[in-house]
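Undergrad: following is a predicted model, sequence given first.
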Amino acid sequence: MLDQLRRIVQKVNAAKDLQSALNIIVSRVRESLSTQVCSVYLLDSDINCHVLMASEGLNEEAVGHVSLELGEGLVGLVAKHAEPINLQDAPLHPSYHYLKETGEEEFHAFLGVPIIHHRAVLGVLVVQHEVRRRFDEGEEAFLITLSAQLAGVIAHAEATGAIEGISPSGQKTSDTAFAGVSGSSGVSIGEAVVVFPHADLSLIPDRRAKNIDKEIEFFATCLSAVRGDMAKLHDKLAGQVAEEERQLFNVYLHMLDDDALGNEVVERIKMGSWAQGALAYVANEHVQKFETMNDDYLSERAIDVKDLCSRVLFYLQEKETIKTEYVDNTILVSEELTPGMLVEVPKAKLKGLISVKGSGNSHVAILARTMGIPTVMGVVDLPYNQLDGRELIVDGYKGEVISNPSDQLRNRYLEIIKEQDQLIQGLEGLKDLPCETSDGHRVHLWVNTGLMSDVMQSLDQGAEGIGLFRTEVPFLLSERFPSEQEQTDIYREQLLAFSPKLVTMRTLDVGGDKALPYFPIEEANPFLGWRGIRVTLDHPEIFTAQIRAMLRASIGLENLQIMLPMISNVNEVNSATQLIKKAYRELVQEGLEVKYPPIGVMIELPAAVYQTRALCKMVDFVSVGSNDLTQYLLAVDRNNPRVANLYSAFHPAVLSALQFVVTEARTEGIPVSICGEMAGDPGAAVLLIAMGYDVLSMNATTLLKVKSVIRSMSMEAAQDLLDQAMHLDDAQMIRSAVDLALYNAGVDRLLRSSRTN
Ligand code: PEP
Ligand code: MG
C-alpha cells in the first residue's frame, strides 16, 4: 500500500501541469482501488463552484464543463464539512445531486474525501462503484492518505496556473494572492528578479535565451567538456576496476549523446529557453521518470542523470558567471533569501523582498526591516521559479504577494504607497524632539545595527544609543573569519559614529539560523544546539580575538558595552567574564590604554528569565531578546512559516515573562532594556514602557513611529492598557485591545506599522 502511495505521489509530482497531475491521479487511483470511477472536483473561487476537473469512469465530455455550486451535492457536503463521506447507495442520500452529463446514475457506492491544504479545502477526490457496497476502511484510509499527500502538489500546480493568470478551471484570473508572513512592513510594486544558489538543478528558474544559436553553441561546449572529463575518468579507472564496471562510463557517456539527453536540451533551447533552464527541465523530467520506475536498477539511474547533468550545469555556470541584472524596481525573489543575496542588489534599486522559506523573525527579515524594505517571508506556495520579469505587489503589512494585479488593485496599492511616503515625511519633525509620554515620562529609544549604513540612518533618526550591534552581520558577509584588525576597524567605525552615545556590542551569535559559510554547523535542532555563547566559549580563540578587537576599537572613545547572547546559566557568564578580563589584562600589558567596559547579558531563554536576579548580580546591565524568548517560551521555531501564526510576542506567557524580568532587574538596581523586534512595534512599545522598560532598542526605520505613539499617550493610559492586557488570556485579544488604544489616542495611521503579532 505504502509503495503504491509513494509511486502515485511521485508520478503526480512529475506532472508538467495541473491537468496532467489530475489525470494521473484519477487513472492511478481507479487502478489501485479497482473501482469504476475516480474523479477530482476542484474549487474555482473565481466562479465559486466545484468544477469536475478530471475523471476516469464518468463521461469524458463532462470533464471541465460540469460544476456544482458551493455546498451543492455530495461533493459540496464533503467540502463543507471537510470530512469524508462513504455511502453504500449515494442516490438515496438527501444531498445527492444528479448531474446528467456525467452519466453517473449507474454508480451507487460513493466515497468522497476532501483535499485540504493549509486548512483550506481545495476540492474533493471521489471514487464510485456500480455495486451497492460501502468502501472498506482500508480503501477509505488509502484515499485520505493520498489526498493529504496530493494537496500540496495540487496547490502548487494551481498556483503555477494562477501565475499565468488562469484559474483551476481555465478562466482568466487576476489579483492572485499568495499568503506568507510579514517580514518587513510597507508596500511596493516592482518586477521580480529571481535569484538562486548555483549548481542545484532543482533551483534553476525559467528564463528566455537572449540568442538561441549562441546558447546552443555554449551548451555544446559545456557538454563536450563533461564528455572530456568522463573520458579521462574512464581512462584513469583502467586497471582499478573490472572492465565491466568501466564500461558503465560508456553508458553514461551515451546518455549525453546528441540523440539522447543532449538533443532534448537543444530542442528546448530552440523553443526559447536558456541553456541552464533547458538542462534543468530535461534533467528533472528524466530523474522523475526514473525514480518512479518499478525496477530498482532503473530507479538508480536517476542518480546518474542527476550527476551528469549537475556536471554540465557546473560548466554552464562556471563559464558564464551569472551576472544578475537588477532592474530599477527590483523585487528580489528566492527560495531562501540570504543576507548575501540582499546586499548584492544596489540599494536604490531594491524595492521588495520575497522568500519562500523563513519567517518574519528570520535574520534576513530583520536585516530587511533594518533597511526598510517591504518583505514577505514564508510564501510556501509561490511558484517562485516562474516569476522572473513579472510584475508583483509585495504587501509587507499583510504578508502577501500579489501577481497579475488588475488596474484597480494596482491603483489602490499606489495610493497606499503614497500614504506611506507622506506618513514618513510627516514624522520627520519628531527627530529632534525628546521621546516622552504626554505626561512627561522620558523613554530612551536606541537602535539595533549590523551594517555601517544602519548607523548613519540611526543617527539621522535621532537614536540615543545602540542597544544591539549584531556583530555576526559583518561575519556573515565575509568569506572567512575577519581578523582582529579587520574587526577593530569595523567596530571602531560604529563606536566613532555614535560617540559619546553608548554602543552595545553583542559577541558573535552564530548557530541557529545564522550559519557562517566558512564555519558550517550541521545539527538536527540548531536552535537548541550549538549557538551564541556556547560556540564562542568552545572557541576561546574566536571569542578572545573579538573582545580584543572591541576593546582596541574603543580606545579614547569609551562608549563600549559588551553583551553576551544565549546565556542559559551563571557559569557561562563566569567563563565569558574571565576571558574578557584576560583579554583586557593582555591589552593593558601591551601598553594600550583600554578601559574595562560594562558587561551585560541577554535574557532570551526561559531559564535566564527565572535567573534574572542571579544574573543581575554578576553584570552591569541586562537586555531582553524577545525574539528568541518568544520562540523558546512558545516552542515555535521563529523561522518556520508553518507555525508562524503561533509566534506572538503578545502571548500572555511572553508578556508575563517580560514583566517579571523588568521587575526583578529593577529590584536589583540594574539597567534593563529590550532589543527584540517587539520594541519597534508601536503598540508593543506602549506595553513595554508601562512595564517599566525605559530603553527600547529597535530598527532605525521604526524609531519615529514608536516615538510618535509614545508622545501621544500618557503613562497613565499606557499603564491602564497594560493592566487590561494582563487580564486577557489570548494573544489576539491583547493585540486588538492595543490596536484600539492606539486608535483612541488618534495614532491609528501607525497601526499598519511593522508588527510582531
Ligand atoms: C532576540 O533574540 O530578541 C535578539 C535581539 O537577538 P536575535 O534576533 O539576533 O537572535
Ligand atoms: Mg536572539
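TA: Thanks, I have the structure now. Numbers count the residues shown, from 1 in each chain. Ligands and ions are numbered 1, 2, ... in the order given.
Undergrad: quick one, what contacts the residue of the stretch 101-250 of the chain found nearest ligand 2?
TA: Checking the stretch 101-250 of the chain residue by residue against ligand 2 with Cβ to the ion singles out Gly183 as nearest, at 16.8 Å. In this view, the C-beta of every residue, glycine as well, is placed from N, C-alpha and C. The contact partners of Gly183, by Cβ atoms under 8 Å, 6 or more residues apart in numbering, come to 353, 355, 358-360, 362, 364-365, 368-369, 375-377, 396, 399.
Undergrad: swap in 7 Å and give it another go.
TA: Contact criterion Cβ atoms under 7 Å, 6 or more residues apart in numbering gives Leu353, Gly360, Ala365, Ala368, Thr375, Val376, Met377, Gly396 as the residues in contact with Gly183.
Undergrad: among the residues you listed, name the ones in strands.
TA: Using DSSP state E, the members of those that fall within strands are Leu353, Thr375, Val376, Met377.
Undergrad: ok, which of those also contact ligand 1?
TA: Restricting those to those within reach of ligand 1 (Cβ under 6 Å from any ligand atom) leaves nothing.
Undergrad: got the residues of the stretch 551-700 of the chain near ligand 2?
TA: Taking Cβ under 5 Å from the ion, the part of the stretch 551-700 of the chain that reaches ligand 2 is made up of Glu604, Gly625, Asp628.
Undergrad: buried sites along stretch 615-627?
TA: Along stretch 615-627, these residues count as buried under the neighbour rule (16 or more other Cβ atoms under 10 Å): Leu615, Cys616, Met618, Val619, Phe621, Val622, Ser623, Val624, Gly625, Ser626, Asn627.
Undergrad: ok, the last one - contacts?
TA: For Asn627, the contact set (Cβ under 7 Å, 6+ apart) comprises Asn361, Arg638, Gly676, Glu677.
Undergrad: the residues you listed also near ligand 1: which ones?
TA: Counting by Cβ under 6 Å from any ligand atom, the subset of the contacts of Asn627 that neighbours ligand 1 consists of Gly676.
Undergrad: thinking Leu451 is in contact with Leu476, fair?
TA: No: with contact defined as Cβ atoms under 7 Å, Leu451 does not reach Leu476; the gap is 10.4 Å.
Undergrad: between the ones in strands among the contacts of Gly183, which is nearest ligand 1?
TA: Within these, proximity to ligand 1 (Cβ to the nearest ligand atom) peaks at Met377, which comes in at 14.2 Å.
Undergrad: apart from its chain neighbours, what residue comes closest to the closest one?
TA: Here the nearest residue to Met377 in space, its sequence neighbours aside, is Gly183; by Cβ to Cβ, 6 or more residues apart in numbering that works out to 4.0 Å.
Undergrad: SS state for the one you found?
TA: When classified by DSSP: H, G, I helix; E, B strand; the rest coil, Gly183 comes out as strand.
Undergrad: tell me which residue in the stretch 151-300 of the chain sits closest to ligand 1.
TA: When Cβ to the nearest ligand atom is the measure, the stretch 151-300 of the chain has its nearest residue to ligand 1 at Gly183, with 13.2 Å between them.
Undergrad: give me the pLDDT value at that residue.
TA: At Gly183 the predicted local distance difference test score is 90.
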